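Enquirer: prediction below, plus the sequence it came from.
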2 protein chains.
Amino acid sequence: MALSKPTDSELEILHVLWERGPSTVRQVHEQLSQTRDLGYTTALKLMQIMHEKGLLSRTEEGRSHVYIALVTEEATQRDLLDRFVGTAFRGSALKLVVQALGNSKASPAELEEIRQLLDRLDQAPEK
Amino acid sequence: MALSKPTDSELEILHVLWERGPSTVRQVHEQLSQTRDLGYTTALKLMQIMHEKGLLSRTEEGRSHVYIALVTEEATQRDLLDRFVGTAFRGSALKLVVQALGNSKASPAELEEIRQLLDRLDQAPEK
DNA sequence: CTTTATCTACGAAAAAATTCGTAGTAAATA
DNA sequence: TATTTACTACGAATTTTTTCGTAGATAAAG
């Protein structure tokens, strides 16, 4: 069964948890509210919902809860990317890559990194 | 002024119009309903809304309307990709490319195409 | 002990996106 | 001409996502 796609807000919270590691609502809210207007109980509610959905686990720590992401950043990105390639690029990962490289101002070092990845893909075409 | 991001449903309709060219609601609905359950008036309403938003233009053709996408597939993909890199990959186009290449089973020819693109980017680092 | 601060839980409003029914109209058909 | 068919327009119900206020509980501070 495929995970349900996290909403944009849920993704914001996941980012904080991935970055900070296990965190309280207070901590997550503090970080998010630096870049955007968000009430404390809004963050709380979101995290409660994410907990219900199985996206986060939590442990009691004194009178507050410490939340932990139950999905990894990598798995989530893989999943979101798959969907995105499907909906926005009609399934063509190649087109997406070309577009992404075209848009981005990648440094020579980064371009080199991609070359090396391509070489590895050539050598190991088998899954 | 930034375009507003098309919703998932709107994107589906845009795909049909990009593929078929100018089309009536009937034609769009026929195609969409092959892969998903969607009422005729739902498609109609969506296209009317998209017309109001300036995403589509339309001309009367007999007693029906022929709709045309006012945004190109390329521009839309560029815009969606920018947002997506931001929200899902925290702005790192490189990570997205690496992930996309890793997931996809690209053919040697496609890998070669990407190499050539990288070469062009090397040679023309100036915007 | 009383007040204040800090939590969670919960309900529900608000906003955004999706869906469809009904009405009205005009063309096509019987 | 009467009926059926194929459209659009429009209002509104539904669903999903986001947001927050209020209540209750417990710890900390006065």
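Expert: Cool, got the structure.
Enquirer: tell me the domain ranges of chain A?
Expert: The record's domain parsing of chain A by automatic domain parsing lists A:1-89, A:92-127.
Enquirer: those domains: which one's closest to B:Gln99?
Expert: Taking Cβ to Cβ, domain A:1-89 is the member of these nearest to B:Gln99, at 5.6 Å. For glycine as for every other residue, the C-beta is placed from the backbone atoms N, C-alpha and C.
Enquirer: the residue lying closest to A:Gly21 once chain neighbours are set aside pairs with what?
Expert: The shortest distance from A:Gly21 to any non-neighbouring residue, by Cβ to Cβ, 6 or more residues apart in numbering or on different chains, is to A:Ile68 (7.8 Å). Beta-bridge partners for A:Ile68, by DSSP bridges, are A:Ser57.
Enquirer: is A:Ile68 in contact with A:Val16, as I believe?
Expert: No: counting by Cβ atoms under 8 Å, A:Ile68 sits too far from A:Val16 to count as a contact (11.8 Å).
Enquirer: returning to what we had before: pick out the shakiest of the domains of chain A, pLDDT-wise.
Expert: Confidence, taken as mean pLDDT, is least for domain A:92-127 of the domains of chain A (a mean of 83).
Enquirer: tilt between the stretch of helix or strand A:Gly86 belongs to and helix B:73-89?
Expert: Applying DSSP states H and E as the criterion places A:Gly86 in helix A:73-89. Taking axes from the mean of the first three to the mean of the last three Cα atoms, to 10 degrees, one finds helix A:73-89 and helix B:73-89 inclined to each other by 170 degrees.
Enquirer: hmm, helix A:73-89 in reach of chain B?
Expert: Yes: residues of helix A:73-89 contacting chain B under Cβ under 8 Å from any Cβ of the partner chain: A:Glu74, A:Thr76, A:Gln77, A:Arg78, A:Leu80, A:Leu81, A:Asp82, A:Phe84, A:Val85, A:Thr87, A:Ala88, A:Phe89.
Enquirer: by neighbours, which of these wins?
Expert: A:Ala88 (24 neighbours; other Cβ atoms under 10 Å in any protein chain shown).
Enquirer: distance of that one from B:Tyr67?
Expert: Shown here: A:Ala88 relative to B:Tyr67, a distance of 20 Å by Cβ to Cβ, to the nearest Å.
Enquirer: ok, which residues in chain A are in contact with DNA strand D?
Expert: A:7-10, A:37-39, A:41-42, A:44-46, A:49, A:62-63 (Cβ under 7 Å from any atom of the strand).
Enquirer: change it to 6 Å
Expert: Within reach of DNA strand D by Cβ under 6 Å from any atom of the strand, chain A has these residues: A:Thr7, A:Asp8, A:Ser9, A:Glu10, A:Leu38, A:Gly39, A:Thr41, A:Thr42, A:Lys45, A:Leu46, A:Arg63.
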